[in-house]
Each structure stands twice: as C-alpha cells, then as structure tokens.
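A.B. asks: I'll drop the sequence and a predicted model, then ask my questions.
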Amino acid sequence: MTAPYYISAISALAIFAGCSGGENKDSAHSQQPTVDVAFPETDSVVLYKTYPGHLSANKEVDLVARVDGYLTSSPYKSGALVRKGQVLFTIDDKQYRDAVTQAQAALETARATNAYARQHYEAVQKALKADAVSQMEVIQAKSAYENSEAQIRNAEASLHSAQTTLGYCTVRAPFDGHVTDGIYNDGAFLAGAASPVVLATIFDDAVMTAIFSIEDSRYLDIINVNHDSIGVDFSRMPVRFSEELPHSYTADLTYMSPSVNANTGTMTIKAKIRNVHNELKSGMYFTIDLPYATDAHAILVKDAAIGSDQRGKYLYVVNDSCKVVYTPVVTGGLVADTMRIVTSGIGPDDRYITKAMLKVRPGMAVTPVTTK
C-alpha cells in the first residue's frame, strides 16, 4: 500500500498539442482519435515509505491473586473502563484478618515486656549506686531491655507483613483502563501464595503505542534529511488499518531504538496515537507513513493514467509524431490523493494520455488535446 504525499498547486492550460509530419491536415485529424494528454507536474514533495506494525496499549498489566483463598466477588463489568483504585476482585480474608489480630496482640505484648524491662533496668542502675546489686545484674537487665526493643521491631514487622497480606485479598485497578473478562468465577479457589494467579488484564489504552521496524538504510536517510535546512516532520504521521475506521488517526514519533538488530538489519520505532474514540485496541495491525526525505523536483502524473500489466506499471506517452508509445515507469507515493510520483520512465516534457486509455494501442496515431 502506497503512502500519501503532499503537493502545492497544479496548473495546466488546455490547448491542442501540435505534432510534426503533417498532423495539421484536416483529413489526417479526422481519421485519428482524439485523446486527452497532460504534461507531468514538477513540485517539491516529502517522500514517505509505508511500514506495517501493531498497536500496544500504553500500559498493560496482569491483575493477580497473591494469596490463597476463595474468590468472593468480581465487582466490575468485563471490558468496562475502570478507575485507579477501583475494587475489581475480593478474596476471602478471614484467616488474614485473624493473622493481623494475632500480630497486633504480639506487638502489644512486646511493648508491655519492653516497658517492664526498661523500668527494671533503670531500677538496677540505681541499686548499683547503693551497692545493692552486682554489676552482673545490671548487665543482665540491660540485655533484657535491649532484647525487648528488638522484639518490638520484630512484632511491628510481623504486623506490617500481615496487613500487607490482608491487602492482597482486595485487588484494585492500578490505573485507569479497560479490564478483560475475569478468568475465574466467584467461588473458585485461588492458590496465589505459591505463585501469583492471573485473574484478568487491565489496559491503559487512552494513548496507544504504534510499534514498527525500519531498515538501517532508512534510518540513515532520516538522519541525513534532518541535517538539511528543510527536514521532515515526524508528528501526525498518517496511520491506516485493514478496514477503514469511523475516524482517522495520526501518530507522533516518540522513540527510536538505540541499536540496530544485527540479524535483521532493522531498528524498532515507536509512535503515540491518542485513542480519543476508544476504537483502537492492543494487538491491532496497521500501516504507517514514515517521512524520510524530500524531493525538490519530483515528477507527478495523474494516478488514474497509470496502467498495470505483467511487466509492471506503464503510461501511454504521445511522441512528437502523435504516435502512442507504451512507456514503462517506476512509481513512488501518492500525492494529494490523485497524483503519483514517477521516479523513472518519463520526464517533465513528455505528454501522457490521461483518458481513453482503452481506445488506444502502441503505435496508433492520435490527436492529442492537452488538458488541465
């Protein structure tokens, strides 16, 4: 599929084209079919090349169960847009709430033990001044006090761990996005403690990433053209899909791989597409028109005038003797939806037939009429 190009203005003057060799005789003209011809336009255009690729959501995250337990609810509509923090799945949490209660009790016990150990240590220090206790008893009291401090830290860590595990019983949306259908039904047992169990996937698809690859030679073209005074614009690159969508889309270049794949000779390119109508989905295939150079003197012909056969593309050109000449051409991109770049085969002074191509054949004498 050939990409579009852009052109400034097209102008032509409708005149009868003269031919050498007695072509002005009325008898000769009456026997020759009249055909519309035009001269190629020459204009400055931006050159594009079309690349295939696929779409990926800006973010894509699996929602997982990280604890063992029965799935108790899935309070969301499959495929719906959910908001960050919204509850999507709940898992039976009774044993984990009990674990939190036990951890809280253990922390209270540790704090009480610490309070007694601190008071005892302070008391034996005073008693040591009065020679009522030995130095060894002070050392033992200090050790008990420091051990109680460590027990508090252990109890606090255990409580935090229990609270974290309890939190795993409620699976929330990590960001705004669309969520797939749940894999498990309510009531299913999930063994997520040993290895996380995927429940669904959430996509942040407000902005899509278009991923495609280009040749290293094309990368060099891009680098070279950007050193020119004109350069090319990598924003709003046209994107198309296998079937036309209700809305059109463009992409803005955001990433070029810092390396070239030595096996394929290509590098990865990424561009962002705003999914304002929620029509784009992760995994969709597309084609994108990547600008890579400019041509200040591109030769343009009407796209409808180009024929195609087993030998390739061709134009019917009318020579100076008003004879039709079958002329193979090499074509480039489409410009302004109607004009096609011709990279070789004809020059700006060659007249080509724009209409009635089915009525002519190579070598036929015709009466050319230059049209706009």
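C.D. replies: Done, it's in.

A.B. asks: Which pLDDT does the model give the spatially closest residue to Val197 that is not a sequence neighbour?
C.D. replies: With sequence-adjacent residues excluded and distances taken as CB to CB, 6 or more residues apart in numbering, Val197 is closest to Ala65, at 4.4 Å. Yep, even glycine has a C-beta here, placed from its N, CA and C like the rest. In the predicted model, Ala65 carries a pLDDT score of 97.

A.B. asks: And Ala65, its phi and psi?
C.D. replies: Torsion angles at Ala65 (phi, psi; degrees, to the nearest 10) stand at phi -90, psi 130.

A.B. asks: Could you count how many residues lie near it?
C.D. replies: The local packing count at Ala65 equals 22, with neighbours defined by other CB atoms under 10 Å.

A.B. asks: same question, Thr209
C.D. replies: Using other CB under 10 Å, Thr209 has 21 neighbouring residues.

A.B. asks: Show me the shaky parts of the stretch 201-350 of the chain.
C.D. replies: 225-231 (pLDDT under 70).

A.B. asks: quick revisit: was I right about the residue nearest to Val197 contacting Ser195?
C.D. replies: No: applying CB atoms under 8 Å as the test, Ala65 and Ser195 come out as separate, 10.0 Å apart.

A.B. asks: Quick one: mean pLDDT for the helix or strand Val35 falls within?
C.D. replies: Taking DSSP states H and E as the criterion, the element that holds Val35 is strand 34-38. Averaged across strand 34-38, pLDDT comes to 90.

A.B. asks: Check stretch 190-199 too.
C.D. replies: Looking at stretch 190-199 alone, the average pLDDT works out to 95.

A.B. asks: And that stretch, what's buried?
C.D. replies: By neighbour count with 16 or more other CB atoms under 10 Å, stretch 190-199 contains the buried residues 190, 192, 197, 199.

A.B. asks: what's the spacing between the third one and Ile183?
C.D. replies: It refers to Val197. Here Val197 is placed at a distance of 8 Å from Ile183 (CB to CB, to the nearest Å).

A.B. asks: Please apply the same query to Ala65.
C.D. replies: Distance of Ala65 to Ile183, computed by CB to CB: 10 Å.

A.B. asks: Spit out the residues that contact the two alike.
C.D. replies: Counting by CB atoms under 8 Å, 6 or more residues apart in numbering, the contacts common to Ala65 and Ile183 are Leu199.

A.B. asks: so who does the residue nearest to Val197 touch?
C.D. replies: Contact criterion CB under 8 Å, 6+ apart gives 71, 89, 91, 168, 171, 190, 192, 196-197, 199 as the residues in contact with Ala65.

A.B. asks: Kindly report the same for Asn319.
C.D. replies: Each residue near Asn319 by CB under 8 Å, 6+ apart is listed here: Val325.

A.B. asks: For the nearest residue to Pro40 once chain neighbours are set aside, what are phi and psi?
C.D. replies: Closest residue to Pro40 in three dimensions, ignoring its sequence neighbours and counting by CB to CB, 6+ apart: Ile299, at 4.7 Å. In this entry, Ile299 is assigned phi and psi values of phi -90, psi 130 (degrees, to the nearest 10).

A.B. asks: Now for Ile299: which residues touch it?
C.D. replies: Each residue near Ile299 by CB under 8 Å, 6+ apart is listed here: 40-42, 341-343, 346-348.

A.B. asks: doesn't Asp113 fall inside a strand?
C.D. replies: In this structure residue 113 is Thr, not Asp. No: membership of Thr113 in a strand is not supported by DSSP: H, G, I helix; E, B strand; the rest coil, which gives helix.

A.B. asks: Lys270 versus the residue nearest to Pro40, what's the distance?
C.D. replies: Note on Ile299: its distance to Lys270, by CB to CB, is 34 Å.
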